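Visitor: just a sequence and a predicted model for now, questions to come.
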Amino acid sequence: MNFRIRCVGKALLGVIAIGVLGGIVMTLWNWVIPALFVGARTIDFVHALGLLVLSRILFGGFRGHRGWHGRRHWRKWESMTPEERELFRTAWRAGRSRRTGA
């Protein structure tokens, strides 16, 4: 029962977030674009959602920022001994300093 409530709550939160983001995109577009470009039209909510999806596809993807890969790396880090962790830190710092030239 608790699992269902959590799933429904997450789905409801997702729908609300999509609606709010679509409203923000629509408001910003209608405020900025017609004032800057002659002949630009205002958009409605459905077009704002389409613009939001298009921008996610072109610029951000749908993967999120850590997700499954972050947990996998964390498990690997947790399984390391303190000596392995220190060796990893020194190798990481050496690689970073070589790339930045510091």
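Guide: Ah, there it is. Numbering: from 1, shown residues only.
Visitor: now the helices: where do they sit in the chain?
Guide: 2-36, 45-55, 67-79, 82-100 (DSSP state H).
Visitor: list the buried residues in the shortest one.
Guide: Translated: helix 45-55. 48-49, 52 (16 or more other Cβ atoms under 10 Å). Every residue, glycine included, has its C-beta placed from N, CA and C.
Visitor: quick one: which of those is nearest Pro82?
Guide: Nearest to Pro82 among the buried residues of helix 45-55, counting by Cβ to Cβ, is Leu52 at 45.8 Å.
Visitor: that closest one and Leu21: what is the separation?
Guide: Distance of Leu52 to Leu21, given as Cβ to Cβ, to the nearest Å: 6 Å.
Visitor: again, but for Arg96
Guide: Arg96 sits 35 Å away from Leu21, taking Cβ to Cβ as the criterion.
Visitor: and what of Pro82?
Guide: 44 Å.
Visitor: who has more neighbours out of the two?
Guide: Leu21 (14 against 7; other Cβ atoms under 10 Å).
Visitor: what mean pLDDT does stretch 12-23 get?
Guide: The average pLDDT for stretch 12-23 rounds to 92.
Visitor: same check, this time on stretch 82-100
Guide: On average, stretch 82-100 scores 81.
Visitor: contacts made by that stretch with the rest, please.
Guide: Applying Cβ atoms under 8 Å, 6 or more residues apart in numbering, the contact partners of stretch 82-100 are 77, 80.
Visitor: what residues sit buried inside stretch 14-22?
Guide: In stretch 14-22, counting by 16+ other Cβ under 10 Å, buried: Gly22.
Visitor: ok, and what's touching that stretch?
Guide: Residues contacting stretch 14-22 (Cβ under 8 Å, 6+ apart): 45, 48-49, 52.
Visitor: pull the distance from that stretch to the chain's centre.
Guide: With Cα atoms, centre = their mean, to the nearest Å as the basis, stretch 14-22 stands 14 Å off its chain's centre.
Visitor: just the C-alpha atoms of it, please, in CSV.
Guide: Only the C-alpha atoms of stretch 14-22 are listed here, as CSV (Å, rounded to 0.1, in the frame of the first residue of the first chain):
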residue,chain,number,x,y,z
GLY,A,14,6.0,14.7,-12.2
VAL,A,15,2.8,15.9,-13.8
ILE,A,16,2.8,19.0,-11.7
ALA,A,17,6.4,19.7,-12.5
ILE,A,18,5.8,19.3,-16.2
GLY,A,19,2.9,21.7,-16.0
VAL,A,20,4.8,24.3,-14.1
LEU,A,21,7.8,24.1,-16.4
GLY,A,22,5.5,24.4,-19.5
